[in-house]
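A.B. asks: Everything below, folded, please.
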Amino acid sequence: MPRFTALFSAALLATGLMAGTAQAQQSTDTAQSQAPSAESQAQDFSDQQLQQFADASQEIAVVSQEYTERLQSAEGEKAQQEVRAEANEKMIQIVENSGLDVDTFNAIGQAIQQNPEMMQRVQKMASQS
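C.D. replies: Residues are numbered from 1 along each chain as shown. Next up, the predicted model:
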């Protein structure tokens with residue numbers, strides 16, 4: 001269980017990186033119009049979506065750890081930006097391969113931070129996969 005918590009924490013940090021990328025790709029108007037829908041659907045995630053989130057989070061945690069190490073050894077701002085961009089692309093691909101879109105993945109991540117019961121459900125799903 002402590003290992004999962006560490007992985008999950010890394011995955012949440014990774015989603016923060018992805019959130020920045022996703023928001024940068026959207027116009028301000030689009031981002032503002034989608035924010036209320038993300039909040040309103042926060043409690044309406046299916047078990048399948050939560051399982052997809054759990055599976056993707058575990059993969060993202062591994063990628064995040066790998067790229068954190070690469071980022072620390074990267075010299076110069078340009079090299080660091082390249083590492084971040086590559087990491088973001090990989091993490092977005094993992095999310096999309098899981099069957100979720102980045103917005104839904106991020107919304108689930110935010111929802112489980114605010115809902116301990118949902119967090120426990122996702123942790124249980126991750127430990128069983």
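
A.B. asks: In contact with Glu82, which residues?
C.D. replies: When contacts are counted by C-beta atoms under 8 Å, 6 or more residues apart in numbering, Glu82 touches Ala74. All C-beta atoms are positioned from the backbone trio N, CA, C, and that covers glycine.

A.B. asks: ok, now Glu59?
C.D. replies: Glu59 sits next to Ile94, Ser98 when contact means C-beta under 8 Å, 6+ apart.

A.B. asks: Quick check: it vs Glu96, distance?
C.D. replies: 12 Å (C-beta to C-beta, to the nearest Å).

A.B. asks: Tell me where the protein has strands.
C.D. replies: Using DSSP state E, the chain contains no strands.

A.B. asks: what's the weakest-modelled helix or strand in it?
C.D. replies: Every helix and strand of the chain was ranked by mean pLDDT, DSSP states H and E. The lowest is helix 28-40, at a mean of 42.
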